[in-house]
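1. compute the structure for the input listed below.
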Amino acid sequence: MPVARPETSDSRIIAHVDMDCFYVQVEQRKQPHLRGQPTAVVQYNSWKGGGLIAVGYEARKDGVKRSMRGDEAKKVCPQIQLVQVPVARGKADLTIYRNAGSEVVSILARKGRCERASIDEVYLDLTEAAETMLKETPIESLESIDEEVLKSHVLGLCLNGKDDKEIVREWLTRRDADHRDKLLACGAFIVAELRLQVLQETEFTCSAGIAHNKMLAKLASGMNKPAQQTIVTLSSVKGLLEPLPIKKMKQLGGKLGSSLQTDLGVNTVGDLLQFSEEKLQDIYGANTGTWLWNIARGISGDEVEGRLLPKSHGSGKTFPGVRALKTLASVEKWLKELCEELSERLQLDLETNKRVAHTLTLHANAYKSTDTDSHKKFPSKSCPLRYGAGKILEDSVKLFQAGLREFLGSYMNPVSGGWGITNLSVSASKIVAAPSGTSSITRYFHGQDRFHTSSEPSDEKFKLEDDKLSPLRTENHSASHQTECGGEQPQVTHDTSSFDRYETTCKDEATEGCLTLQNHEPKPRLPEKEKNINDEKPSYGQKRKATKEKGTSSILRFLQTNSCSSSNQETKCLSSGLQEALDVENESLIESQNNRRASQWRYNIDEIDQSVVEELPPEIQDEVRTWLRPQKQANTVKRGSNIAHYFSPQK
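-> As a prediction, this is how the structure comes out:
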């Protein structure tokens, strides 16, 4: 629902810059011979010449409209040039248009806070730049004004068609103008300069609206196209809004606008003025009612967000008519294509802009061929986003299945048919700056490639180190471990995030008779109560004390979990608990862990074959015997049977 925000100031200078038929301009820059010719960009689908997604102004003059298809456009304008949009994965690829939009944004952001609203439109907050210009260069003292500024359209200004530029000059340089109009005049100078820079550096033309808030600037930018700019003064707001159809207002094109028409008989913004704020609040709630009352009067407090990058990524495709998807297999096939594209864009955003997305959302349009309730909307579904095309696909399939069950109801079987999908899309949102810990997944396996081989190949290039970035990143994998001396070991589950904490080696310097074939030896998952202790423990190999001689390994590397030794035709595997006991430096932590794990890890020292210990290097033997030697008990004087004896006065 819309949010009612009070207008912070009527002296703000906000501009909305909208590119002129942007897709056509991008194609004309690629193919200069198309300039000046009637041109349109069509979908890759060749049915009836393809659907028009952008129509150049030359073609519009001949009657070509976006609602037409290519064949119909050729009948209206035989000389029209139809350019097919690039195709990737069986759908339109808008990469070249997004990149071209980024070029424009980088130029517009030079003068103020910039918010990229879509591929081809941008909001600018020019308040500070206008204030600075007004202080440094009083407009009324300007002798020469650029032609582009004089072409501005000032709403409410009476023009006669002959001396329009001279009338605009007089309005811009009025000495008796109030401060707000002077700031608007400065905004006109700044926007005209930016538009010229965009033309010179990118060869693209754009139009703009200049007003005191985002809503009015957006309405004005499309009033005079192409390559022109429109200024909305405070005195002209009422005349601009009153005749405007209510559905043309932002956020009123859907259910809320329809409700205003059917329930209140409101067809224009002027009709909305007859209702009091209290009346609108009673019908639509306090927040929405206030918002409706404000927009009818041109009041909007929406701020320009400082965002040069898109706030979401999405990939979608339509399946009109007979091409509707009617089986789960066909839906999954297209979801695979959409998820791969989305994953590539997320990966590029992570590498280029150091940003990560948190939420995955699936949208669809559907119908039911055997049910009267076919108008029921297919529910959108969301979940935490996991990076990697395979994981995005897996989650998207689950979201679709959940949405389809809800859409069909309990009385229809999704497998039996009776439904069709006409639009399908996946999107990633809640994109924020990546923490400094985000890095390539190869960092987890640096130096351990010989010892660790995942039982399932990963299709993701990046792993997010912070659990907050990918809430579903913990998975279960099966780890196989075979030894000729010990046979097959049972499968265990482990957290993939622990690969960098534990290392597994099998050294046979003293065990020539035991050949170990191992993929990886993960640490068994601990009970929930022990997890906190494990998390606080330093990573193995990070905070160990240095050995006396360089190159001498700790006993931990020889007594690793499930490691084997053999001597005199007898092989024994030392318990994996030995590593746990020896890997902790702090005595209090040892005692705490041993108490908690007493029920899990039990050793019988008498069962350790001394001949095995004697085969180890001398330094390692000393370390083992030190550990096996019983610790001395502290001498405690028993003073009495109750606590009072400890505090009795000395005699």
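2. buried sites along stretch 388-405?
-> Across stretch 388-405, burial judged by 16 or more other Cβ atoms under 10 Å covers 388-393, 395-397, 399-401, 403-404. (Glycine included, C-beta is placed from N, CA and C.)
3. what comes into contact with it?
-> Contacts to stretch 388-405, defined as Cβ atoms under 8 Å, 6 or more residues apart in numbering, come from residues 328, 331-332, 335-336, 338-340, 342-344, 360-362, 364, 366, 378-383, 385-386, 414, 419, 426, 458-461, 472.
4. repeat for stretch 165-183
-> Residues outside stretch 165-183 that contact it (Cβ under 8 Å, 6+ apart): 10-11, 13, 127, 130-131, 134, 139-140, 142, 145, 147, 149-152, 154, 157-160, 185, 188, 212, 233-234.
5. picking that back up, just the buried subset of the contacts of stretch 388-405, please.
-> Among the contacts of stretch 388-405, those classed as buried by 16+ other Cβ under 10 Å are 331, 335-336, 338-340, 342-344, 360-362, 364, 366, 378-379, 381, 383, 385-386, 414, 419, 426, 460-461.
6. which residues does residue 130 contact?
-> Residue 130 makes contacts with 13, 183, 186, 187, 190, as judged by Cβ under 8 Å, 6+ apart.
7. and those as TSV, adding distance to residue 626, neighbour count and pLDDT?
-> Below are the contacts of residue 130 laid out as TSV (distance: Cβ to Cβ, whole Å; neighbours: other Cβ atoms under 10 Å; pLDDT from 0 to 100):
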residue	distance to residue 626	neighbour count	pLDDT
13	77	27	96
183	81	24	95
186	81	24	95
187	79	30	96
190	77	21	97
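8. need the phi and psi values for residue 389.
-> Backbone torsions of residue 389, given as degrees, to the nearest 10, read phi -60, psi -40.
9. and for residue 205?
-> Reported as degrees, to the nearest 10, the phi and psi values for residue 205 are phi -100, psi 150.
10. correct me if wrong: it contacts residue 28.
-> No. Contact criterion Cβ atoms under 8 Å: residue 205 and residue 28 do not qualify, at 10.7 Å.
11. am I right that residue 425 is in a strand?
-> Yes. Assessed with DSSP: H, G, I helix; E, B strand; the rest coil, residue 425 lies in a strand.
12. so what pLDDT did it get?
-> Residue 425 is assigned 96 on the pLDDT scale.
13. and for the one 5 residues further on?
-> Turning to residue 430, the model gives it a pLDDT of 95.
14. repeat that for the one 4 residues further on.
-> We note a pLDDT of 87 for residue 434 in this prediction.
15. mean confidence score for stretch 79-98?
-> Mean pLDDT, computed over stretch 79-98, is 91.
16. number the residues from 2 up from this point.
-> Yep, numbering from 2; the last one is stretch 80-99 now.
17. show me what counts as buried in it.
-> In stretch 80-99, the ones that count as buried by 16+ other Cβ under 10 Å are 81, 82, 83, 84, 86, 92, 93, 95, 98.
18. so which residues of the stretch 252-401 of the chain form strands?
-> Applying DSSP state E, counting those that start in this stretch to the stretch 252-401 of the chain gives strands spanning 314-319, 356-357, 360-369, 382-385.
19. so which of these is nearest residue 274?
-> Closest approach to residue 274 among the strands of the stretch 252-401 of the chain (Cβ to Cβ): strand 360-369, 35.5 Å.
20. neighbouring contacts of that closest one?
-> Strand 360-369 has contacts (Cβ under 8 Å, 6+ apart) with 317, 325, 375, 377, 379, 381-387, 393, 396-397, 400-401, 404-405, 408-409, 413, 419-431.
21. those residues in helices, which ones?
-> Judged by DSSP state H, the subset of the contacts of strand 360-369 located in helices is 393, 396, 397, 400, 401, 404, 405, 408, 409.
22. count the neighbours of the nearest residue to residue 246 once chain neighbours are set aside for me.
-> Of all residues not flanking residue 246 in the chain, residue 269 sits nearest, at 6.0 Å (Cβ to Cβ, 6 or more residues apart in numbering). Neighbours of residue 269 under the rule other Cβ atoms under 10 Å: 17.
23. how far away is residue 269 from residue 283?
-> Distance check for residue 269 against residue 283: by Cβ to Cβ, to the nearest Å, it reads 22 Å.
24. not counting sequence-adjacent ones, nearest residue to residue 248?
-> Once flanking residues are discounted, residue 248 sits nearest to residue 258: 4.9 Å by Cβ to Cβ, 6+ apart.
25. so who does residue 335 touch?
-> By Cβ under 8 Å, 6+ apart, residue 335 lies in contact with 91, 318, 320, 326, 425.
26. give me the buried subset of these.
-> If we count by 16+ other Cβ under 10 Å, those have these buried: 318, 320, 326, 425.
27. now the residues you listed as a markdown table including distance to residue 291?
-> Output for these, formatted as a markdown table (distance: Cβ to Cβ, whole Å):
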| residue | distance to residue 291 |
| --- | --- |
| 318 | 39 |
| 320 | 41 |
| 326 | 43 |
| 425 | 37 |
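28. show me the buried residues of stretch 80-99 that map onto helices.
-> Taking DSSP H as the definition of helices, the buried residues of stretch 80-99 contribute residue 98.
29. which pair in the buried residues of stretch 80-99 spans the largest distance?
-> Maximum distance among those (Cβ to Cβ): 23.9 Å, for 81 and 92.
30. and stretch 118-130, which residues are buried?
-> For stretch 118-130, burial by neighbour count (16+ other Cβ under 10 Å) applies to 118, 120, 121, 122, 123, 124, 125, 126, 127, 128, 130.
31. report the two of the residues you listed separated the most.
-> Farthest-apart pair in these is 120 and 128; separation 25.8 Å (Cβ to Cβ).
32. circling back to that earlier point, between the contacts of residue 131, which is closest to residue 226?
-> Looking across the contacts of residue 131 and measuring by Cβ to Cβ, the closest to residue 226 is residue 188, at 18.7 Å.
33. contact partners for that closest one?
-> Listed by Cβ under 8 Å, 6+ apart, the contact partners of residue 188 are 14, 16, 127, 131, 211, 232.
34. which one of those residues is nearest to residue 103?
-> Ranked by distance to residue 103 (Cβ to Cβ), the contacts of residue 188 are led by residue 16 at 18.6 Å.
35. okay, stretch 297-307 in PDB with CA atoms only?
-> Below are the C-alpha coordinates for stretch 297-307, written out as PDB (Å, rounded to 0.1, in the frame of the first residue of the first chain):
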ATOM      1  CA  ALA A 297      -4.800  15.100  -5.100                       C
ATOM      2  CA  ARG A 298      -3.100  18.300  -4.100                       C
ATOM      3  CA  GLY A 299       0.300  17.500  -5.500                       C
ATOM      4  CA  ILE A 300       1.900  16.800  -2.100                       C
ATOM      5  CA  SER A 301       4.500  14.100  -1.900                       C
ATOM      6  CA  GLY A 302       7.300  13.600   0.600                       C
ATOM      7  CA  ASP A 303       9.100  10.700  -1.200                       C
ATOM      8  CA  GLU A 304      12.800  11.300  -1.100                       C
ATOM      9  CA  VAL A 305      15.300  10.600  -3.900                       C
ATOM     10  CA  GLU A 306      17.300   7.600  -2.900                       C
ATOM     11  CA  GLY A 307      21.000   7.600  -3.500                       C
END
